[in-house]
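>>> give me a 3D structure for the following:
(one chain, ligands or ions: 1)
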Amino acid sequence: MRVDIVTIFPEFFQVLDVSLLGKARQDGIIDVRVHDLRDATTDRHRTVDDTPYGGGAGMVMKPEPWGQTIDAILDDAAGQPAVPAEGSGSGDARPLVVFPSPAGTVFTQATARRYALEPHIVFGCGRYEGIDQRVFDDTAERARVELVSLGDYVLNGGEVAVTAMIEAFGRLVPGVVGNPESLVEESHEDGLLEYPSYTKPALWRGREVPDVLLSGHHAKIAAWRHEQQIERTRRVRPELLPPELR
Ligand SMILES: Nc1cc(-c2ccc3ccn(Cc4ccc(CN5CCCCC5)cc4)c3c2)n[nH]1
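Here you go, the predicted structure:
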């Protein structure tokens, strides 16, 4: 899987070398390339922003550097088509270009699962007050474009959102996580929040571990854990519960 990231803060993504993904990159499972948007500027000040038409506070990112950078990435990728995972993916062979945005659809585990199947994703990290709309419109001529929100709060740019998304789908890419079983039982994987976890010692500060977990009775343990998931989801995120469990 190839991932391209466009940003004015390329050093921000050194974090991807440290985390779980460092090994995935070394093993060639995920090929991450970071592009400095300012490399596509032509003026002495390497300008990437300007005042908004129609007025308003702040600055908007100019379209030219974006158009040039995205074209270069897509042209380069066209020369070496990444093979989509067998029997998976959107079926649309065009690359996927994702722009974090407060105005985007909310990123969920379902989005992460879908992204993990893509052979190539380009992430565009905006800054300032956002990117000129024509960048999204122009890119949509040759790629699938998605505006994605991390949640209902405003960040200063797309970099944190892209880091979170890459971690969320990266860990689902086969070969990235040592024990694939650990991916099945986690929160949101079955639409419910996770059950509480315990480990040794059996008694800690006067607090014991639920007896069922010490029983070795796997069917009872599984039933208890599912009940805990439903109780916790009902308490914390009732909107996630399927109608029949509300
Ligand atoms: N989930 C999530 C993703 C982001 C995100 C993603 C990408 C960028 C790029 C820039 N910002 C900062 C920003 C964006 C919007 C505004 C509002 N402003 C109102 C007037 C018209 C212009 C826009 C303010 C500052 C970003 C923020 N935040 N939260």
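>>> need the residues of the protein near the ligand, please.
Residues of the chain found near the ligand (C-beta under 6 Å from any ligand atom) are 56, 100-102, 126-130, 149-151, 153-158, 161. (C-beta placed from N, C-alpha, C; glycine too.)
>>> could I get the buried residue list for whichever helix in the chain runs longest?
What stands out as the longest helix in the chain, according to DSSP state H, is helix 218-236. Of all the residues in helix 218-236, those buried under the rule 16 or more other C-beta atoms under 10 Å are Ile221, Trp224, Arg225, Gln228, Gln229, Ile230, Arg232, Thr233.
>>> next, the contact list for the fifth one, please.
Gln229 makes contacts with Asp190, Leu192, Leu193, Glu194, Tyr195, as judged by C-beta atoms under 8 Å, 6 or more residues apart in numbering.
>>> please enumerate the strands of the chain.
Ranges of strands within the chain are 2-7, 31-36, 49-50, 60-61, 96-106, 120-124, 144-149, 203-204, 207-208, based on DSSP state E.
>>> using JSON lines, lay out those together with mean neighbour count, mean pLDDT and distance to Gly175.
Output for the strands of the chain, formatted as JSON lines (neighbours: other C-beta atoms under 10 Å; pLDDT from 0 to 100; distance: least, C-beta to C-beta, whole Å):
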{"stretch": "strand 2-7", "mean neighbour count": "24", "mean pLDDT": "98", "distance to Gly175": "15"}
{"stretch": "strand 31-36", "mean neighbour count": "16", "mean pLDDT": "96", "distance to Gly175": "13"}
{"stretch": "strand 49-50", "mean neighbour count": "15", "mean pLDDT": "98", "distance to Gly175": "39"}
{"stretch": "strand 60-61", "mean neighbour count": "20", "mean pLDDT": "98", "distance to Gly175": "35"}
{"stretch": "strand 96-106", "mean neighbour count": "18", "mean pLDDT": "98", "distance to Gly175": "20"}
{"stretch": "strand 120-124", "mean neighbour count": "25", "mean pLDDT": "98", "distance to Gly175": "17"}
{"stretch": "strand 144-149", "mean neighbour count": "18", "mean pLDDT": "98", "distance to Gly175": "25"}
{"stretch": "strand 203-204", "mean neighbour count": "10", "mean pLDDT": "98", "distance to Gly175": "36"}
{"stretch": "strand 207-208", "mean neighbour count": "10", "mean pLDDT": "98", "distance to Gly175": "38"}
